[in-house]
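>>> Show me the folded form of this:
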Amino acid sequence: MSETLSRDTLDATAVSLVEALAARRVSALELAEAAIGRIEARDGPINAVVVRDFDRAREAAKAADAALSRGERRPLLGLPMTVKESHNVAGLPTTWGFEHAKSWIAPSDSVGVSRLKAAGAVILGKTNVPVALADFQSVNPVYGRTRNPWDLTCTPGGSSGGGAAALAAGMIPLEFGSDIGGSIRNPAHFCGLYGHKPSYNLIPSRGHAPPMVGEGAGVALAVVGPLARSAADLQLALDVLAGPDVEDARGYRLDLPPARHARLADYRVLLLDHHPLAGVDDEVRAGLNGFADRLARLGAKVARSSSRLPDLVKSHGVYNGLLMAAMSRGQPGAQPISSHEWMSLLDAQAQIRREWTELFDEVDIVLAPVHGAAAFPHNDEPDPAKRILTLNGEPTPYFAQLAWAGVATLGNLPATAIPVGRTKAGLPFGAQIIGPYLEDRTTLGFAVLAEREFGGFARPPGF
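Residues are numbered from 1 along each chain as shown. So this is what the prediction gives:
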């Protein structure tokens, strides 16, 4: 397939590609070959798609074409995509970046991967992550470092950084990631993309666990969800992925409420651009405020404070306590907490969740930074506690930026990352649209409206 034809197809949205496949304007095998060609041509310096499953992808594409020719219609039938390395895909390694796990092969698909395949997706391979999914970068001793297509000297984010880099570079139209500390939202922000952190447990996470651990009971705070180059693609993916797991499906069904409004002018927006524990670069804050001003000019009600906003310092303490316990489990030297400490944290989380419910009686969404900076240079300091992040020319603690992720994560709230601007250096940055629990269609619907009104993803130079 020529580069011109490849650009005409692969640079389209996932929604458009599914429509083209159903109309037989392009075949699934043609799309798979185009995506494989893009990966082989572009991924060398980026190092995003680190586990490649091209032979099985070709077979899946042929099966999709046969199904399409029979008149079958499924939401993703014939669409090529990748998944984050941390998701189990039967027959492929799952390492989470741990060198000791590089030979472990997943015996079965995760629930999310199973649903993607059932919807007709063609899985090309898996994308890079940091060790233990625990960094704003994506580098590990098994697969090496992933670089940002906007600037190869900078991070694409973590922990879904490989998928974000592949999307931004035009290799694939859709990615399946995960998020506990901004791991979907940060890469979307750093690469100028869209990413959705769903409400907690809206998409079952079974099969997304450290290698050799087994399916387990899931991880507090952690979710799995999509990244894409358009907001509508996130909606498409969520419709495929969301819904109770087998046991819960005996008595529960998915019935998400629709978006609260059909026009941007009708939204009540709370702008949150300061956090007492995490700084924000002036360019990012200015871009966020500029976006809020544009919403206000359209007629949206934009507030810059609310007495109902949960205490951010207290919230971060609870979030950090839960996060450290969840992320350190099984790690060498980790200090366990008592069961009573854990239950006290859960009690505090429940109270803060009630406070969020009260806030969303008076506003529809909260508009906040995803991360205080745009993509920053690769940081090889081996001791994470010694890393610094420069904001407005001043050194700040590297992991203080977890506070912005925790705003939505602690409350189990949906948060959609959208691109809103670029720095003077030309790097993209985004905002997160935070909504009420289980009102994922509100944050996604807002993102779709904002994309139509203001524009969205732009290709990095050279891609």
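
>>> any idea how far stretch 144-163 is from the chain center?
Relative to its chain's centre, stretch 144-163 lies at 14 Å (CA atoms, centre = their mean, to the nearest Å).

>>> how far out from the middle of the chain is the helix or strand that contains Gly162?
Secondary structure from DSSP states H and E places Gly162 in helix 161-168. Relative to its chain's centre, helix 161-168 lies at 10 Å (CA atoms, centre = their mean).

>>> Could you pull out the buried residues of stretch 245-264?
For stretch 245-264, the neighbour count (16 or more other CB atoms under 10 Å) marks Leu256, Ala259, Arg260, His261, Leu264 as buried. (C-beta placed from N, C-alpha, C; glycine too.)

>>> Endpoints of that stretch, how far apart?
34 Å (CA to CA, to the nearest Å).

>>> do stretch 77-89 as well
Length of stretch 77-89, first residue to last, CA to CA: 18 Å.

>>> Same question for it: list its buried residues.
The neighbour-count check on stretch 77-89 (16+ other CB under 10 Å) flags 77-89 as buried.

>>> Filter the residues you listed down to the ones in strands?
If you go by DSSP state E, these have Pro80, Met81, Thr82, Val83, Lys84 in strands.

>>> Need those residues in JSON lines (columns: distance to Val366 and pLDDT).
What follows is these, written out as JSON lines (distance: CB to CB, whole Å; pLDDT from 0 to 100):
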{"residue": "Pro80", "distance to Val366": "35", "pLDDT": "98"}
{"residue": "Met81", "distance to Val366": "30", "pLDDT": "98"}
{"residue": "Thr82", "distance to Val366": "31", "pLDDT": "99"}
{"residue": "Val83", "distance to Val366": "29", "pLDDT": "98"}
{"residue": "Lys84", "distance to Val366": "26", "pLDDT": "98"}
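
>>> Kindly indicate which of these lies nearest Asp281.
Nearest to Asp281, judged by CB to CB, of those is Lys84 at 27.1 Å.

>>> Not counting sequence-adjacent ones, nearest residue to that closest one?
Closest residue in space to Lys84, ignoring its immediate chain neighbours: Gly177 at 4.8 Å, by CB to CB, 6 or more residues apart in numbering.

>>> between the helix or strand containing that neighbour and strand 80-84, how many degrees?
Secondary-structure element containing Gly177, defined by DSSP H and E: strand 174-179. With axes from the mean of the first three to the mean of the last three CA atoms, to 10 degrees applied, the angle from strand 174-179 to strand 80-84 works out at 10 degrees.

>>> Adjacent strands (with direction) for strand 174-179?
strand 80-84 (parallel), strand 223-228 (antiparallel) (DSSP bridges).

>>> Can you tell me what sits against the shortest one?
Strand 80-84 has contacts (CB atoms under 8 Å, 6 or more residues apart in numbering) with 14, 28, 31-32, 34-35, 49, 57, 61, 89, 112-113, 116, 121-127, 129, 159-160, 162-163, 166, 171-178.

>>> Quick check: the residue of the chain most remote from its centre vs Pro149, distance?
Going by CA atoms, centre = their mean, the residue of the chain most distant from its centre is Arg70, 34.3 Å out. For Arg70, the distance to Pro149 equals 38 Å [CB to CB, to the nearest Å].

>>> what about Ala220, neighbour count?
Residues near Ala220, counting by other CB atoms under 10 Å, number 17.

>>> host element of the closest residue to it other than its chain neighbours?
Spatial nearest neighbour of Ala220, chain neighbours left out: Ala326 (5.1 Å); criterion: CB to CB, 6+ apart. Assigned by DSSP H and E, Ala326 belongs to helix 312-328.

>>> what packs against that helix?
Packing partners of helix 312-328 (3 or more CB pairs under 8 Å, 6 or more residues apart in numbering; DSSP states H and E): helix 339-359, helix 402-409.

>>> now the shortest one and strand 223-228, what's the angle there?
Same thing as helix 402-409. Using the same axes, to 10 degrees: helix 402-409 against strand 223-228 is 100 degrees.

>>> helix/strand/coil for the closest residue to Asp293 other than its chain neighbours?
Excluding its sequence neighbours, the residue lying closest to Asp293 (CB to CB, 6+ apart) is Val302, at 7.8 Å. For Val302, the assignment made with DSSP: H, G, I helix; E, B strand; the rest coil gives strand.

>>> Distance check, Thr423 against Ser138.
Thr423 is 21 Å from Ser138, by CB to CB.

>>> Looks to me like Pro244 is in a strand.
No: according to three-state DSSP, Pro244 belongs to no strand; its state is coil.

>>> quick revisit: to Gln235, which of the strands paired with strand 174-179 lies closest?
strand 223-228 (9.2 Å).

>>> Provide a list of residue ranges in the stretch 1-150 of the chain with pLDDT below threshold.
1-7 (pLDDT under 70).

>>> So for the helix or strand harbouring Val448, what gets flagged as buried?
In the assignment (DSSP H and E), Val448 maps to helix 440-454. Within helix 440-454, the residues scored as buried using 16+ other CB under 10 Å are 440-451, 454.

>>> so what's Pro226 up against?
Contacts of Pro226 by CB under 8 Å, 6+ apart are Leu174, Glu175, Phe176, Gly177, Ile184, Gly195, His196, Asp233, Leu234, Ala237, Leu238, Leu241.

>>> nearest to Leu133, of these?
Gly177 (9.8 Å).

>>> The closest one touches Cys191, doesn't it?
No: between Gly177 and Cys191 there is no contact under CB atoms under 8 Å: 11.9 Å.

>>> In three-state terms, how would Pro187 be classified?
Pro187 ends up helix, using three-state DSSP.

>>> Sounds good, over and out.
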